[in-house]
Structures are given as C-alpha cells and as structure tokens.
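Novice: the following comprises the amino acid sequence and a computationally predicted model.
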Amino acid sequence: MIDSPEAKFAVAAVREAAQLVRRVQAEMVTDALEKGDKSPVTVGDFTAQAVIARRLQDNFPGVKLVGEESAADLREEAGTETLEQVTHFVRMVLPHATAEEVCDWIDFGTADAEGEYWTLDPIDGTKGFLRGDQYAVAFALIKDGQVQVAALGCPELADATSPAKGGDGSVLLAAKGQGARCQSMADPSAEWKPLSTSDLSDPAGARVLRSVEKGHTNMGQIDYFAEALGITADPVGMDSQAKYAVLAAGGGEMLLRLMSPKMPDYQERIWDQAAGSLVITEAGGRVTDLDGRPLDFSHGRTLAQNRGVLATNGPLHDAALEALKSVGA
Ligand SMILES: Nc1ncnc2c1ncn2[C@@H]1O[C@H](COP(=O)(O)O)[C@@H](O)[C@H]1OP(=O)(O)O
Ligand SMILES: [Mg+2]
Ligand SMILES: [Mg+2]
Ligand SMILES: [Mg+2]
C-alpha cells in the first residue's frame, strides 16, 4: 500500500497543497473568517481543500471526500473577497479555475463518512498557521473504520525528529501494515527516511507533547499527569498533527489531548486524528483514547465513542494510562 497509487497520490496532494498554503501565508491579504463554532478559517484552508478535492476527483473518480471545510460562507456576500483570493491561489496550480468551480470542489468534501472515503484537514492547526507556528495538511484514506493510508504535510517542520520550526518542511506517509516514512517537503526525489518511535521505557524521562491553545486541552491536568510520572521537563506545546509527526519520529514519547474544561463534551473530528494516528502506529507507537480504547473511525465525522487522545512511543503507554486515571483525566 505504501507504493500504491493511493499512497503516491496522497503524498503528492499534501505536498502540493502545503506548498500552496505556504504561499498564502507569505502573501496573506484577507483576515480569517470565523465559523459557527468560533474557530478561524482562512484563504489557506479553502485553497488547500479546493485543490486536493479537484485532484482526488481527477485521479480516483467516484471516491468520497470528508473534509473539514465547506464553501457555504464563501458563496455568501460577506465571503466575496475571500473567494476572490482563494480563486487567485487555486489558479497558481489550476490556471483555468473559476470561482464557481472552486466552491464546487470545496463542497465535494461534504460527503458522508461511511464505507470507503478520504478525509482531509486542509489546514490542521489554523491558529498555529495564523501565529506563524506549526500547522499541517492532513489527509487519510479510511475503509470500514480503518485508516489505510495517511499523509501529513508539515511546512514548518524542519525535521520530524524535533519540534523545531523552519527549514524546507516535511512530508510523512504511512500505510497500514507497511510502516511510516518521511521526506523533505521541498524535494519529491529526496531520500525517504523510515520513522520509528523512541524506545524509552522510563516514564520520568518522557517528553510530553501538547497543544499550544489552552482551549484545546487541559493544561493543569497535564502538569499533574507529568508529576504523577515523575517527569520534570516541561511539556512541549505544538499546534496541529505536526506533534504526531514528532512522536512518530522519536522526538517525543507522549502526546495528550485531554478534555478541555471549557468544552467537556468535545468530540474529536476524524480529520484531526486519522492521518496522525496511522503515522504513529506504523512507526511503532500506540494510540488510544484517555480510557485506553482504540480510536473508532466508524461513527461518522467524529470519534463519538472516544474521549480525548493518548499517543505514546509504545513502551510507555500503560504507565501513561495509569497516570491519567490517577489524576482523574
Ligand atoms: N475547541 C476545540 N477543542 C479541541 N480541538 C479543536 C477545537 N477547535 C478546533 N480544534 C481542532 O483541534 C486541533 C488543534 O489542536 P492543537 O491545538 O492540538 O493543534 C485542530 O485540528 C483544530 O482544528 P483546525 O484544523 O481547525 O485547526
Ligand atoms: Mg478549523
Ligand atoms: Mg484540525
Ligand atoms: Mg483545519
């Protein structure tokens, strides 16, 4: 599967979209729009979803796409300027695109999450993108609730083995049962490096990765969790599934998405977890929810049967689950 047409397509698609999003960032002209849930969406998010959706239809006619965004706001009066900008950036790779087509391509990503489908987060970590920090284009193929192929494009991740920012960026690819690898985002002919998680087995030495945004997790509880394991190093804040890439490459041992006190009933979205979780498990790590249950991708657009996320290098998973219980997470 890692050499399959689907895998090759996925990595080419995230690379093209991530490079385009980087250009949007360099030239960013319009402000972010606010969605119904108060989260931001930018020209970059719409551009990436439009291009990947169009490429998907060209390459695999008849497949379904479940994307984070829809074109509803772009089609309204208030979205006119944003739509012009999105069309401008889409034309950099699809020169004949019209504004109407751009909206239709984005809305191609509004399929039901059932059976076999692709899922896309065109910019994962939009707040990180707006701040100039980490973000990712996350794309995965799901069949009957199982993630089969995963690709991540991380424009600000110089080298997945470290959370450091900058450089040419990285792309990651994983296929179920066939491992995970990474390559420079700038050069599709560069060497692919196999990914494997850290082999650390002493919890006290674990490097913990967490969100930057307070509203996306529970910062205080993460501190108690670390204390329970004897961890003295401060947790590392990183936006987006770029932190899943770092865990997969051995640059950290634990990744937590705890329930935010502000949104105790938040259900994880499939596009926020599908690609990142396969990259980690194929690199040798473990991913469950906070109760130790496997992530269940067979309930539509959200992980309705799961609570939060715990990902680890593997050897530390049981200790991390115990510590979560001890702090009431
Ligand atoms: N209220 C929320 N709680 C948790 N995660 C959220 C919330 N709103 C959006 N997200 C999504 O969680 C991820 C950000 O988590 P982190 O802070 O760990 O990077 C993003 O995928 C973000 O979506 P988006 O794709 O729109 O950026
Ligand atoms: Mg969003
Ligand atoms: Mg996201
Ligand atoms: Mg997003």
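Specialist: Alright, I've got the coordinates. Residues are numbered from 1 along each chain as shown. Ligands and ions are numbered 1, 2, ... in the order given.
Novice: how is the residue of the stretch 151-300 of the chain found nearest ligand 4 assigned, secondary-structure-wise?
Specialist: Closest contact between the stretch 151-300 of the chain and ligand 4, by Cβ to the ion, is at W271 (7.1 Å). Heads up, the C-betas are built off the backbone N, CA and C, glycines and all. Following DSSP: H, G, I helix; E, B strand; the rest coil, the label given to W271 is helix.
Novice: what's the neighbour count on it?
Specialist: Number of residues near W271 (other Cβ atoms under 10 Å) recorded here: 25.
Novice: heads up, I number from 29, so please use that
Specialist: All right, first residue 29 from here; so that's W299.
Novice: how much space separates it from L180?
Specialist: Distance of W299 to L180, computed by Cβ to Cβ, to the nearest Å: 12 Å.
Novice: shared neighbours, these two?
Specialist: A166 (Cβ atoms under 8 Å, 6 or more residues apart in numbering).
Novice: tell me the pLDDT at the residue of the chain found nearest ligand 3?
Specialist: The minimum distance from the chain to ligand 3, using Cβ to the ion, falls at D152 (3.6 Å). We have a pLDDT of 98 for D152.
Novice: so what's it up against?
Specialist: By Cβ under 8 Å, 6+ apart, the residues touching D152 are 163-166, 268-269, 299-300.
Novice: inside strands: which ones of the residues you listed?
Specialist: 164-166 (DSSP state E).
Novice: drop anything exposed from these.
Specialist: The neighbour count (16 or more other Cβ atoms under 10 Å) marks 164-166 as buried among the ones in strands among the contacts of D152.
Novice: what about the closest residue to A125 other than its chain neighbours, neighbour count?
Specialist: Spatial nearest neighbour of A125, chain neighbours left out: V118 (4.7 Å); criterion: Cβ to Cβ, 6 or more residues apart in numbering. Neighbours of V118 under the rule other Cβ under 10 Å: 25.
Novice: same deal with D172?
Specialist: D172, neighbours per other Cβ under 10 Å, totals 10.
Novice: pretty sure it is in contact with S326, am I right?
Specialist: Yes: D172 is within contact range of S326, at 7.0 Å (criterion: Cβ atoms under 8 Å).
Novice: assign a three-state SS to the residue nearest to Q301 when sequence neighbours are not counted, would you?
Specialist: Nearest residue to Q301 in three dimensions, chain neighbours excluded: L323, at 5.8 Å (Cβ to Cβ, 6+ apart). Following three-state DSSP, the label given to L323 is coil.
Novice: ditto for D135
Specialist: helix.
Novice: same check on P150?
Specialist: Three-state call for P150 (three-state DSSP): strand.
Novice: look up phi and psi at the nearest residue to it once chain neighbours are set aside.
Specialist: Closest residue to P150 apart from its sequence neighbours, by Cβ to Cβ, 6+ apart: A76 at 3.5 Å. The phi/psi pair for A76 (degrees, to the nearest 10) reads phi -60, psi -40.
Novice: what does the one 4 residues further on give?
Specialist: Comment: the main-chain dihedrals of I80 come out as phi -70, psi -40, following degrees, to the nearest 10.
Novice: so which of the contacts of D152 also contact ligand 1?
Specialist: 268, 300 (Cβ under 6 Å from any ligand atom).
Novice: in the contacts of D152, find the pair that's most separated.
Specialist: Spatial extent of the contacts of D152 (Cβ to Cβ) is set by the pair Y163 and W299 at 13.4 Å.
Novice: so the residue nearest to A125 touches I80, yeah?
Specialist: No: applying Cβ under 8 Å, one finds V118 not in contact with I80, separated by 10.8 Å.
Novice: anything in contact with each of those two?
Specialist: Counting by Cβ under 8 Å, 6+ apart, nothing touches both V118 and I80.
Novice: picking up where we left off before, ok, the residue nearest to Q301 touching D300?
Specialist: No: when contacts are counted by Cβ under 8 Å, L323 is not listed as touching D300 (10.6 Å).
Novice: and the residue of the chain most remote from its centre, how far from ligand 2?
Specialist: In the chain, counting by Cα atoms, centre = their mean, E105 sits farthest out from the average C-alpha position, at 30.4 Å. From E105 across to ligand 2, the span is 22 Å (Cβ to the ion, to the nearest Å).
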